[in-house]
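K.L.:
With the sequence up front, the predicted model follows.
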Amino acid sequence: MNLQEGREKFIQTWGTLGSNWGINRTMAQIHALLLISPEALSAEDIMEQLKISRGNTNMNVRALMDWGLVFKELKAGERREFFYAEKDMWKVAMQVVKERRKRELEPLFGTMTDLKKVKDASAEGQQFESTIANLDSVIAKADKTLDLLVKADESWFMNNFLKLMMK
């Protein structure tokens, strides 16, 4: 496989993986392109290389910036904006974890607080309260685990992960 084939395969695969992170395929493909690009790319470069529209490019680059995965670079003498991705994959993974936590877990906290206030002595009410208590426990543990992961450094995580795998 030559470099061009490898680039295309990586971009396509990363695009597929992106949907597992909760982002669309094109957004993930732009991220992949910026990950493997040695220099920052303009929106025009991205459009040309991925064969996508300006609107699609701009919308997805902005979303990647909102996720904290892509950054803007200004070049002297250039009116165009250039974009680059964080290349440290540990930082990328931790940023994805932070964003998913913010988008998926944090909105549940207020809802769970409200749902725990439901009191009903019927069998249905008892089952509801039990289910909500169990779900709240899982959410709290997931949040605590993600918090530890985000605060951990890569070597601590890998050492502990390997210990778990060896047991």
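P.N.:
Looks like it came in fine.
K.L.:
Could you check how far the most centrally placed residue in the chain is from residue 152?
P.N.:
Central residue of the chain (Cα atoms, centre = their mean): residue 96, 2.8 Å from the mean position. Using Cβ to Cβ, to the nearest Å, residue 96 is found at 15 Å from residue 152. The C-beta positions use only the backbone N, C-alpha and C, and glycine is treated the same way.
K.L.:
cool, residue 64 as well?
P.N.:
For residue 64, the distance to residue 152 - Cβ to Cβ - is 24 Å.
K.L.:
So which of the two has more stuff around it?
P.N.:
Each of residue 64 and residue 152 has its neighbours counted (other Cβ atoms under 10 Å); residue 64 has more, 20 against 15.
K.L.:
Secondary structure element holding that one?
P.N.:
In this assignment (DSSP states H and E), residue 64 forms part of helix 54-66.
K.L.:
Same question for residue 71.
P.N.:
Counting by DSSP H and E, residue 71 is found in strand 70-73.
K.L.:
quick one on the thing from earlier: for the residue nearest to the centre of the chain, which residues are in contact?
P.N.:
Shown in contact with residue 96 (Cβ atoms under 8 Å, 6 or more residues apart in numbering): 21, 67, 69.
K.L.:
Give the other helices and strands that the longest helix belonging to the chain contacts.
P.N.:
In the chain, assigned by DSSP state H, the helix with the most residues is helix 123-151. Packed against helix 123-151, as judged by 3 or more Cβ pairs under 8 Å, 6 or more residues apart in numbering; DSSP states H and E, are the following elements: helix 89-100, helix 106-115.
K.L.:
Buried deepest among the ones you listed, which one?
P.N.:
helix 89-100 (a mean of 16; mean count of other Cβ atoms under 10 Å).
K.L.:
what's the average pLDDT for that helix?
P.N.:
The pLDDT scores in helix 89-100 average 87.
K.L.:
so that helix versus helix 54-66, what angle?
P.N.:
Angle, helix 89-100 to helix 54-66, by axes from the mean of the first three to the mean of the last three Cα atoms, to 10 degrees: 100 degrees.
K.L.:
can you list the domain ranges for the protein.
P.N.:
3-85, 89-166 (automatic domain parsing).
K.L.:
mean pLDDT for those domains: which is lowest?
P.N.:
Looking at those, the weakest mean confidence is domain 89-166, a mean of 84.
K.L.:
Please name the residues that touch residue 94.
P.N.:
149, 150.
K.L.:
Pull up the gap between it and residue 110, please.
P.N.:
25 Å.
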